[in-house]
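[1] model this:
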Amino acid sequence: MRSVMRSVDQGFDFIGKRLRHGDVEIVYDDGVARRMVWRVTGRVPEAEVDEAIAHAARELRVLPALYAELRKRRIGIEVIAG
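    Residues are numbered from 1 along each chain as shown. Just a heads-up that it's a prediction; the model follows:
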């Protein structure tokens, strides 16, 4: 699993990418109550997913930034958990 971790305002947000059964998945955990997992749909270069995650990890509001980056790069996702 390749991952980017960050801590903001005494909290802990984890956002990362993992490969499971040949599929790319994005994992987010706020360290308190929320854990979300999405599967990337379609054929997308892993580098594109890595860049989207890295950009989101640098932002204060991780989830809105992630959704914006995925939309900008036309990366489709489907909810697995959360």
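[2] and T41, how many neighbours?
    Residues near T41, counting by other Cβ atoms under 10 Å, number 12. Glycine gets a C-beta too; all of them are placed from N, C-alpha and C.
[3] And the one 4 residues further on, by the same measure?
    The criterion is other Cβ under 10 Å. On that basis, P45 has 11 neighbouring residues.
[4] how far away is it from R20?
    Separation of P45 from R20 (Cβ to Cβ, to the nearest Å): 18 Å.
[5] show me what contacts T41?
    G76, I77, E78 (Cβ atoms under 8 Å, 6 or more residues apart in numbering).
[6] Now the spatially most central residue of the chain: which helix or strand?
    Centroid check for the chain by Cα atoms, centre = their mean gives I26 as the closest residue, at 4.2 Å. Following DSSP states H and E, one finds I26 within strand 23-29.
[7] the strands in the protein, which residues?
    2-6, 13-20, 23-29, 35-41, 76-81 (DSSP state E).
[8] mean pLDDT for these: which is lowest?
    Comparing mean pLDDT across the strands of the chain, the weakest is strand 2-6, with a mean of 56.
[9] from the strands of the chain, which stretch is densest packed?
    Most buried of the strands of the chain, by mean neighbour count (mean count of other Cβ atoms under 10 Å): strand 23-29, with a mean of 19.
[10] Quickly run through the sheet partners of it, with directions.
    Within its sheet, strand 23-29 is paired with strand 13-20 (antiparallel), strand 35-41 (antiparallel), according to DSSP bridges.
[11] okay if I get the ones you listed as a markdown table plus distance to A57?
    Formatted as a markdown table, the strands paired with strand 23-29 follow (distance: least, Cβ to Cβ, whole Å):
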| stretch | distance to A57 |
| --- | --- |
| strand 13-20 | 5 |
| strand 35-41 | 15 |
